[in-house]
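>>> All I have is the shape, not the residue letters:
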């Protein structure tokens, strides 16, 4: 149970200075309702238990991949090509949240979220998790863990929404979210400028182009989700800001908490319907 703190002192989530818990406005930075009706400190403690979000996301993806294999183990005995080693069955993936026009026409809107954490084979998840590890740490360090998770979630949802609207029947994977991280870093490089910003822009821009081209050369790649995710990440970064322009605020924490709740609810809906 979350306890309210209505007396004593708290740290303002915007400027980091000590203020009264029942202040209607921070006397230093002007932040309104910094204590969030007494719930702010507890929300900060909840999120502070997860110092790095990237390993958690990788862990969830791996856990869902293992679950997809366990649901239909007979699929592992069937012959598969090089790019489909240890692939879960379509039925297993559909049972735990694969998205696409098929899912949306049946009213399963929550698969726009659940499909982010599903993968179609060993090479698929290895490739995505390596990129998530690399890019996730960069975005988390430059934007903060709350904004990072928001960018990851928003990008994945938008990527799948675009591909579903353009007629992709079945689709899964974290690559839309990963392209969203690329989009966020491209925005960061352009916005920050200077030597460091230019280097980030040049390096990440090159990676984005290479990965986009790679997607067109590989069979079964959802390039619509990649494009939608990239746009989602770029716009999200622009709206949310990064450490050098603004600190993470209570609003970011609340939005990240809402994104976590949406993810959990989406999986619950998938498993009970």
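Nice, thanks for sending it over. In this text, all values refer to a predicted model and were calculated from it rather than measured experimentally. Residues are numbered from 1 along each chain as shown.

>>> Hmm, residue 167 is touching residue 104, no?
No: in this structure residue 167 lies outside contact range of residue 104 using Cβ atoms under 8 Å: 10.9 Å. Where you see a C-beta, it was placed from the backbone N, CA and C, and this is true even at glycine.

>>> More neighbours: those two, which one.
Counted by other Cβ atoms under 10 Å, residue 167 and residue 104 do not tie: residue 104 has more neighbours, with 16 against 9.

>>> Quick check: chain neighbours aside, which residue is closest to that one?
Using Cβ to Cβ, 6 or more residues apart in numbering and skipping residues adjacent in sequence, the residue nearest residue 104 is residue 164, 5.3 Å away.

>>> Any buried residues in whatever helix or strand the one you found lives in, and which?
Using DSSP states H and E, residue 164 sits within helix 145-165. Within helix 145-165, the residues that qualify as buried are 145-164, counting by 16 or more other Cβ atoms under 10 Å.

>>> Please pull up the helix or strand immediately following it.
Of the helices and strands lying after helix 145-165 in sequence (DSSP H and E), the nearest is helix 175-192.

>>> which secondary structure elements does the helix or strand just after that next one contact?
Per DSSP H and E, the first helix or strand lying C-terminal to helix 175-192 is helix 194-217. With contacts defined as 3 or more Cβ pairs under 8 Å, 6 or more residues apart in numbering; DSSP states H and E, helix 194-217 has these neighbours: helix 175-192, helix 223-240.

>>> Mind listing what's buried along helix 194-217?
200, 201, 204, 207, 208, 211, 212, 215.

>>> how about residue 207, what does it touch?
residue 182 (Cβ atoms under 8 Å, 6 or more residues apart in numbering).

>>> again, but for residue 96
64, 67, 68, 71, 114, 118, 270, 271.

>>> Tell me which helix or strand the third one sits in.
Residue 68 belongs to helix 54-71 when assigned by DSSP H and E.

>>> buried stuff in the helix or strand following that helix?
As assigned by DSSP H and E, the chain's next helix or strand after helix 54-71 is helix 90-95. Within helix 90-95, the residues that count as buried by 16+ other Cβ under 10 Å are 92, 93, 94, 95.

>>> Output those residues as JSON lines; include the columns pLDDT and distance to residue 252.
Below are the buried residues of helix 90-95 laid out as JSON lines (pLDDT from 0 to 100; distance: Cβ to Cβ, whole Å):
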{"residue": "92", "pLDDT": "95", "distance to residue 252": "36"}
{"residue": "93", "pLDDT": "96", "distance to residue 252": "32"}
{"residue": "94", "pLDDT": "95", "distance to residue 252": "34"}
{"residue": "95", "pLDDT": "95", "distance to residue 252": "34"}
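
>>> Return the member of these nearest to residue 173.
residue 93 (10.4 Å; Cβ to Cβ).

>>> rewinding a little: distance between the helix holding residue 68 and the chain's centre?
In terms of Cα atoms, centre = their mean, to the nearest Å, the centre of helix 54-71 is found 14 Å from the chain centre.

>>> Repeat that for stretch 138-148.
With Cα atoms, centre = their mean, you get 11 Å for stretch 138-148.

>>> Show the end-to-end separation of it, please.
In stretch 138-148, first residue to last residue: 9 Å (Cα to Cα, to the nearest Å).
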